[in-house]
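1. What follows is a predicted protein model with its sequence.
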Number of protein chains: 2
Amino acid sequence: MRATTIHAARDIRVEEVPDPQLKRPTDAIVKVTAGCICGSDLWPYRGENPIRPGATIGHECIGVVEEVGAEVRDFKAGDYVIVPFCHCDNTCAHCRNGAQSACVNLSMTSSGQAEYARVGQADGSLVATGGTPSDDLLASVLALTDVMPTGWHAAVCAGVTPGATAVVVGDGAVGLCGVIAAKAMGAERIVAMSRHAPRQELARAFGATHVVAARGKDAVAEVLELTDGVGADAVLECVGTDDAMTTAIGVTRPGGGVGYVGVPHGVELPLRTMFERNLGLRGGIAPVRRYLPELLALVQDRSIDPGRVFDLSLPLEESPEGYRAMDERRAIKVMLRP
Amino acid sequence: MRATTIHAARDIRVEEVPDPQLKRPTDAIVKVTAGCICGSDLWPYRGENPIRPGATIGHECIGVVEEVGAEVRDFKAGDYVIVPFCHCDNTCAHCRNGAQSACVNLSMTSSGQAEYARVGQADGSLVATGGTPSDDLLASVLALTDVMPTGWHAAVCAGVTPGATAVVVGDGAVGLCGVIAAKAMGAERIVAMSRHAPRQELARAFGATHVVAARGKDAVAEVLELTDGVGADAVLECVGTDDAMTTAIGVTRPGGGVGYVGVPHGVELPLRTMFERNLGLRGGIAPVRRYLPELLALVQDRSIDPGRVFDLSLPLEESPEGYRAMDERRAIKVMLRP
């Protein structure tokens, strides 16, 4: 099949690789109708994560079931499905506790930017869309494979409640989905931190009531001023750097919560400050499957429209250009169509 | 007045110091009927916190209002009161958010092991007991000034819910009160980590269903075995050392929560591990005033009996012996009567 591969930092190719095969009787193979590039794919792209040269890359896709293993009961060839980037059996103790991203049978999509992808624990992982999504919903359905549930998870972990003041640190696709989540959970004031006009605009369209373009201490001062010196109830850290975490902690009110979903890179937590201010901190890889039924319903009844984060759509063959566009922040998020 | 003072590590004295005076019109002076020594007093006692030679020490006391400032409305001389160790106005934004330990008018009891203590923001801070506590309730009422609400806060921060499996790291008075809290909140299994027979016994009396005497990796292995490899839902870290936090994080199930109330000393958080397992972490100085009405009611209707943590009662003049007894773990917690 044709697949996006990574060979070294900034060396993304589209080439012929073996088709994925059923490895376990609980697997399924999905023919990808749409995949996309994730902000976290930029870590290896920029050489900040280890690279296995020639490996396929991409963990977000939707598509049509091509083949299922002997033990798959709930899906069959032809079903249109959402593939959560982390696969889970949805029955183990961790899954029952809502921690599907720590499933004892966890695996990940490894060729989402390709023609086919293998899904582990198909019965537990996949969610049927009920037929081919209409054109106007396709992007939003694709966003459900990772960024929308990840933004949602940040809001859950931060503890957004009706009437709350929420701050979203990070204006990537996840941060923008965090704005959608905060809005859907009833936050009254939503502060988006962004210095890029198209992203500021999208944040406002998604429900942000304030935009803070400043960074670091200035950004903290601005949020404190907005909140009469109190700070925000719930802060969504959607980047993963030490600067972003420092800002997130700086704007959280005593007793408030930080939800973090950016994979931490070089973050050092100021534990004494957190203790003195009774801050809560919770986050991690989103348990995507847990949120999918609820989020799919919100997409299908058009309550939320996370697909708007896709501002560039390319044929799979142009994957390398997609990476460049995201790396240079020319695009928020890139869809790839095989 | 006679007061306990600290001059250097392991140099505790009882000596004559000036009586505390009303400094602000919102202050009250309380004549102490009972005070006590806190596990956190052992940090300076052991030379691990800075010491101002000759300073009074002790932040826990109950007693009778002696005098109130001109702006105090709700209390008058003669009222029997609980003095939460952190004083708050109970009206500012942080207090209204339940973060009374971050009150904009925060102060602390500074002569709880003495004849008199000044209380800031008396109207916001003090809670009347409704007369002199009966002899059998006095110790439990005294425990409400710090250790019981602090153990309660650990359980709240850890997220103990009915049916949960809770683990309490630390068998000091706060940890033991954490067992009481977990039980009152409906935890089904409560694992107390303790290697000291009298504390194990008290933990069981307070509701612990299991006792783990092992430490470090062995303790983690034991809790994992108890929980079929899953880990605990809610973990109360009531010590403040890196070892205790490492153990707490090690026994928490994916998606579970760690509540920490031991003032962190040298703790380094394994953020990547926390991210991978979606652990929640929340803690800090307990907002004592927030919990007092509820906890006083539980004490008065004899639902909880935290006063049992006091296994040694001494006259104020024997304060130095009280410190030695706690330092050498001969006593769990020492009451001092002026």
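-> Sure, I can see it. Numbering: from 1, shown residues only, chains lettered A, B, ... in the order given.
2. Around chain B, which positions in the stretch 51-200 of chain A sit nearby?
-> On the criterion Cβ under 8 Å from any Cβ of the partner chain, chain B has as its neighbours in the stretch 51-200 of chain A the residues A:93-94, A:97-99, A:101-102, A:157. For glycine as for every other residue, the C-beta is placed from the backbone atoms N, C-alpha and C.
3. if we go to 6 Å?
-> The stretch 51-200 of chain A comes close to chain B at residues A:93-94, A:97-99, A:102, as judged by Cβ under 6 Å from any Cβ of the partner chain.
4. All the helices of the stretch 151-300 of chain A, in order from the start?
-> Assigned by DSSP state H, counting those that start in this stretch, the helices in the stretch 151-300 of chain A fall at A:173-184, A:197-206, A:216-226, A:242-251, A:271-276, A:288-300.
5. What pLDDT is listed against A:G262?
-> Looking at A:G262, its pLDDT stands at 88.
6. which ones are touching the nearest residue to it once chain neighbours are set aside?
-> Nearest residue to A:G262, sequence neighbours excluded (Cβ to Cβ, 6 or more residues apart in numbering or on different chains): A:G240, at 2.6 Å. Counting by Cβ atoms under 6 Å, 6 or more residues apart in numbering or on different chains, A:G240 touches A:262-265.
7. Determine which stretch of the helices of the stretch 151-300 of chain A is the most buried.
-> helix A:173-184 (a mean of 30; mean count of other Cβ atoms under 10 Å in any protein chain shown).
8. Give me the angle between that one and helix A:197-206.
-> Orientation check (axes from the mean of the first three to the mean of the last three Cα atoms, to 10 degrees): helix A:173-184 against helix A:197-206 gives 20 degrees.
9. and helix A:173-184, what does it pack onto?
-> Helix A:173-184 is packed against helix A:147-158, strand A:165-169, strand A:189-193, helix A:197-206, with contacts defined by 3 or more Cβ pairs under 6 Å, 6 or more residues apart in numbering or on different chains; DSSP states H and E.
10. so can I have a markdown table of these showing distance to B:E318 and mean pLDDT?
-> Written out in a markdown table, the entries for these read as follows (distance: least, Cβ to Cβ, whole Å; pLDDT from 0 to 100):
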| stretch | distance to B:E318 | mean pLDDT |
| --- | --- | --- |
| helix A:147-158 | 49 | 98 |
| strand A:165-169 | 51 | 98 |
| strand A:189-193 | 56 | 98 |
| helix A:197-206 | 64 | 97 |
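11. which one of these lies closest to B:V334?
-> Taking Cβ to Cβ as the measure, the helices and strands packed on helix A:173-184 were each checked against B:V334, and helix A:147-158 came out nearest at 40.7 Å.
12. Can you show me the CA trace of the closest one as CSV?
-> C-alpha atoms of helix A:147-158 as CSV (Å, rounded to 0.1, in the frame of the first residue of the first chain):
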residue,chain,number,x,y,z
VAL,A,147,-7.9,15.9,18.8
MET,A,148,-11.5,16.5,19.8
PRO,A,149,-11.4,13.8,22.6
THR,A,150,-8.0,15.0,23.6
GLY,A,151,-9.3,18.6,24.1
TRP,A,152,-12.3,17.1,25.8
HIS,A,153,-10.0,15.1,28.1
ALA,A,154,-8.1,18.3,29.0
ALA,A,155,-11.4,20.0,30.0
VAL,A,156,-12.5,16.9,32.1
CYS,A,157,-9.1,16.7,33.8
ALA,A,158,-9.1,20.5,34.5
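13. Run the angle between it and helix A:173-184 for me.
-> Calculated by the same axes, to 10 degrees, helix A:147-158 forms an angle of 60 degrees with helix A:173-184.
14. Any chance you could list what contacts helix A:147-158?
-> A:173-174, A:177-178, A:181-182, A:185, A:234-236, A:238, A:257, A:259, A:261, A:282-283, A:286, A:288, A:291, A:295, A:306.
15. With stretch A:33-51 instead?
-> Stretch A:33-51 is contacted by residues A:6, A:9, A:58, A:60-63, A:112-113, A:142, A:146, A:172, A:322-323, A:326-327, A:334-337 when judged by Cβ under 6 Å, 6+ apart.
16. Which of those residues fall in helices?
-> The members of the contacts of stretch A:33-51 that map onto helices under DSSP state H are A:142, A:322-323, A:326-327.
17. quick one on the thing from earlier: tabulate the helices and strands packed on helix A:173-184 (TSV), appending distance to B:E15.
-> Output for the helices and strands packed on helix A:173-184, formatted as TSV (distance: least, Cβ to Cβ, whole Å):
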stretch	distance to B:E15
helix A:147-158	50
strand A:165-169	50
strand A:189-193	54
helix A:197-206	62
